[in-house]
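S.K.: got a sequence here, can you model it:
(2 chains)
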2 protein chains.
Amino acid sequence: MYHTEIRSKDKIVTIGRDLPAVIIGERINPTGKKKFGQALLARDFEAVRREAMTQVEQGADVLDVNVGVAGVDEVALLPEVVKIVAATADVPLCIDSANPQALAAALKVYEGKALVNSVTGEEKSIDSVLPVVKEYGAAVVGLLMDDEGISNDPEKRLAIASKIVERAEKAGIERSDIVIDCLTMTVSSDHNAAVLTLKTIERVVEELGTNIILGISNVSFGLPDRHSITKTMLAMALRAGLTCVIMDPTAEGMRRTMKSADLLLGRDEWAMNYLAEYRQYSEQA
Amino acid sequence: MYHTEIRSKDKIVTIGRDLPAVIIGERINPTGKKKFGQALLARDFEAVRREAMTQVEQGADVLDVNVGVAGVDEVALLPEVVKIVAATADVPLCIDSANPQALAAALKVYEGKALVNSVTGEEKSIDSVLPVVKEYGAAVVGLLMDDEGISNDPEKRLAIASKIVERAEKAGIERSDIVIDCLTMTVSSDHNAAVLTLKTIERVVEELGTNIILGISNVSFGLPDRHSITKTMLAMALRAGLTCVIMDPTAEGMRRTMKSADLLLGRDEWAMNYLAEYRQYSEQA
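M.R.: Okay, the predicted model is just below:
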């Protein structure tokens, strides 16, 4: 069992299978949000600050920062937004970009130990992202796709995880600083998608023991009452070995489902965290 | 993988790990319901009929029938109530009593193949219940306690399951007609209770392959917003191998969680059942 520690200036968050699951707020991201993207391009950061504050109020332990929108200069903008988010909310950041130069620029200005999201199993990604992660002493998300794309075989996904871990360790990054993203595809387009994700989590935990991250809500895309499906997937994935979740902490019932899962998985003796969350948020459930 | 088939006069319900999970409505039961118990003692069966109809309207595939209240003559009352429920709702019944004579009397009048709830690993229970199950060609729930009580060790619970299966097979009852109840204790009084149940399910599935039943709501006893905890446990238990659930089908979100789980576990291609349930009940979610 590994503990992944990340830090803001004053706050440490530890990810581990014997600890309560960690919530990474996903809302600072222009994907599918036209207004938010336009504001980023216009360097209007009010929405960024608001999303940072709201998500922490709603229980986010970590904030994901993604500025990837068409027309943006990520190398210039990502460090700027990282500084703004860090100044607004004192929680560790997950710096989210596929661009190694943007990651390096953001890590350079970040006062803490970030989680870099992400390296993949693609040779180009491994060669460009891992040295940056090592240089700035960050932790890193390993995304289970490689030069052949995304596999539908849990054993092939595990093989990509093994490759990422091996190459990261060779680059001087400890296994405790690697968090594997097992990928959640959409169950409405492939009825085996969720089982595949769950099996991949179980295999990676078994063979590599690393922490596991998922962006969970994608599983329910295109279906009505998405929250019910997403919460059910969340419960199953936490049982399988998921330890941190990229999600919208404001989404109905998601945070409560996580606290319920921690309680049921024996990570919340006397239900202290469950009851604290209930008391803090009971009016909105 | 085994299929457990139970039948009312005109309807067959099949329990199996490759099929959608089965809902057994638990509300025809006087435990903790003073008025319901008094009505039973007074042989006023209006509430029984109402609970039968409501639960089937709310998605119950099977109805549990329990008349165990202090002062009642179960041998006389259980067959009477079984007949009334069977006449009210055409779904198979789960006949619920620890009294072998009451079970025999109820099975005698039941036109179908019932699920008997339950035999335990106690010698007295095995010797008295299994012959009745065999005589009437019923299926049977095996409850994982024995003469030493309820164990906190999944391997010991598995050993009781093995004993029940062995003795039932020796009595001429096929393994496909045995459904193992892995027991859900309350997580607020033992923070390992849920993990123990989940591990027991996984071990019984692995070693014996039988269908699995749980009364799920007990897990959240004594805590606020019980539904969130119960739904989260339900999701995890279905992933572990649970195939039929004794529950209140009218409880908020429980049925939707089951349909979500079936979808995520690859047992609902094209989300047909999920969407049908959503359309039928969407106003009440």
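
S.K.: how much space separates A:M272 from chain B?
M.R.: 10 Å (Cβ to the nearest Cβ, to the nearest Å). In this view, the C-beta of every residue, glycine as well, is placed from N, C-alpha and C.

S.K.: helix or strand for that residue, which one?
M.R.: helix A:272-281 (DSSP states H and E).

S.K.: may I have that helix as CSV, with CA atoms only?
M.R.: Only the C-alpha atoms of helix A:272-281 are listed here, as CSV (Å, rounded to 0.1, in the frame of the first residue of the first chain):
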residue,chain,number,x,y,z
MET,A,272,-16.9,10.5,12.5
ASN,A,273,-16.4,11.8,9.0
TYR,A,274,-19.8,10.6,7.8
LEU,A,275,-21.5,12.5,10.7
ALA,A,276,-19.4,15.6,10.3
GLU,A,277,-20.2,15.8,6.6
TYR,A,278,-23.9,15.1,7.3
ARG,A,279,-24.0,17.9,9.9
GLN,A,280,-22.2,20.4,7.6
TYR,A,281,-24.3,19.8,4.5
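
S.K.: how far does stretch A:83-95 sit from the chain's center?
M.R.: 15 Å (Cα atoms, centre = their mean, to the nearest Å).

S.K.: A:E206: neighbour count?
M.R.: By other Cβ atoms under 10 Å in any protein chain shown, the residues close to A:E206 number 10.

S.K.: and it, that's in a strand?
M.R.: No: counting by DSSP: H, G, I helix; E, B strand; the rest coil, one finds A:E206 to be helix, located in no strand.

S.K.: which residues of the stretch 1-150 of chain A fall in helices?
M.R.: With helices called from DSSP state H, counting those that start in this stretch, the stretch 1-150 of chain A shows them at A:34-41, A:46-57, A:74-88, A:100-109, A:123-135.

S.K.: please name the bridge partners of A:M247.
M.R.: Beta-bridge partners for A:M247, by DSSP bridges, are A:G25.

S.K.: touching, it and A:N218? I think so.
M.R.: No: between A:M247 and A:N218 there is no contact under Cβ atoms under 8 Å: 10.4 Å.

S.K.: who has more neighbours, these two?
M.R.: Neighbours were counted for A:M247 and for A:N218 using other Cβ under 10 Å; A:M247 has more, 25 against 18.

S.K.: still on that earlier bit, tilt between the helix holding A:M272 and helix A:46-57?
M.R.: Angle of helix A:272-281 versus helix A:46-57, following axes from the mean of the first three to the mean of the last three Cα atoms, to 10 degrees, is 130 degrees.

S.K.: circling back to that earlier point, let me have the helices of the stretch 1-150 of chain A in CSV, extended by mean pLDDT.
M.R.: Converted to CSV, the helices of the stretch 1-150 of chain A look like this (pLDDT from 0 to 100):
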stretch, mean pLDDT
helix A:34-41, 95
helix A:46-57, 98
helix A:74-88, 98
helix A:100-109, 98
helix A:123-135, 98
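
S.K.: figure out which of those is closest to chain B.
M.R.: helix A:46-57 (19.5 Å; Cβ to the nearest Cβ).

S.K.: in that closest one, what's buried?
M.R.: Residues of helix A:46-57 classed as buried by neighbour count (16 or more other Cβ atoms under 10 Å in any protein chain shown): A:A47, A:V48, A:E51, A:A52, A:Q55, A:V56.

S.K.: for these, which one is nearest A:L19?
M.R.: A:V56 (18.9 Å; Cβ to Cβ).

S.K.: surely the closest one touches A:V62?
M.R.: No: using Cβ under 8 Å as the test, A:V56 is too far from A:V62 to be in contact (9.6 Å).

S.K.: what residues are shared contacts of the two?
M.R.: When contacts are counted by Cβ atoms under 8 Å, 6 or more residues apart in numbering or on different chains, A:V56 and A:V62 have A:G25, A:V91 as shared neighbours.

S.K.: ignoring the adjacent residues along the chain, who's closest to the spatially most central residue of chain A?
M.R.: Centroid-nearest residue in chain A, with Cα atoms, centre = their mean: A:I246, separated by 4.0 Å. Leaving aside its chain neighbours, A:I246 sits nearest to A:G215 (4.2 Å; criterion: Cβ to Cβ, 6 or more residues apart in numbering or on different chains).

S.K.: now that neighbour. Its backbone dihedrals?
M.R.: phi -90, psi 110 (degrees, to the nearest 10).

S.K.: re the thing from before, same list (the helices of the stretch 1-150 of chain A) but as a markdown table, adding distance to A:R256.
M.R.: Output for the helices of the stretch 1-150 of chain A, formatted as a markdown table (distance: least, Cβ to Cβ, whole Å):
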| stretch | distance to A:R256 |
| --- | --- |
| helix A:34-41 | 26 |
| helix A:46-57 | 15 |
| helix A:74-88 | 25 |
| helix A:100-109 | 32 |
| helix A:123-135 | 34 |
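
S.K.: will you turn those into TSV that also has distance to chain B?
M.R.: What follows is the helices of the stretch 1-150 of chain A, written out as TSV (distance: least, Cβ to the nearest Cβ, whole Å):
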stretch	distance to chain B
helix A:34-41	29
helix A:46-57	20
helix A:74-88	30
helix A:100-109	33
helix A:123-135	29
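
S.K.: for A:G142, find the nearest of those.
M.R.: Closest among the helices of the stretch 1-150 of chain A, once you apply Cβ to Cβ, is helix A:123-135, at 9.4 Å.

S.K.: what's the helix or strand for the closest residue to A:S217 other than its chain neighbours?
M.R.: Among residues not flanking A:S217 along the chain, A:T230 sits closest, at 5.1 Å (Cβ to Cβ, 6+ apart). A:T230 belongs to helix A:226-240 when assigned by DSSP H and E.

S.K.: quick check: which helices or strands does that helix pack against?
M.R.: helix A:193-207, strand A:244-247, helix A:254-264, helix B:226-240, helix B:254-264 (3 or more Cβ pairs under 8 Å, 6 or more residues apart in numbering or on different chains; DSSP states H and E).

S.K.: what angle do it and helix B:254-264 make?
M.R.: 70 degrees.

S.K.: burial count for the residue lying closest to A:V56 once chain neighbours are set aside?
M.R.: Excluding its sequence neighbours, the residue lying closest to A:V56 (Cβ to Cβ, 6+ apart) is A:A89, at 4.6 Å. The local packing of A:A89 (other Cβ under 10 Å) involves 24 other residues.

S.K.: longest helix in chain A, please.
M.R.: helix A:154-170 (DSSP state H).

S.K.: circling back to that earlier point, contacting residues for the residue nearest to A:V56?
M.R.: A:A52, A:M53, A:Q55, A:V56, A:L63.

S.K.: hmm, 7 Å instead?
M.R.: A:A52, A:M53, A:V56, A:L63 (Cβ atoms under 7 Å, 6 or more residues apart in numbering or on different chains).

S.K.: shaky segments in chain A?
M.R.: Chain A contains residues with pLDDT under 70 at A:283-285.
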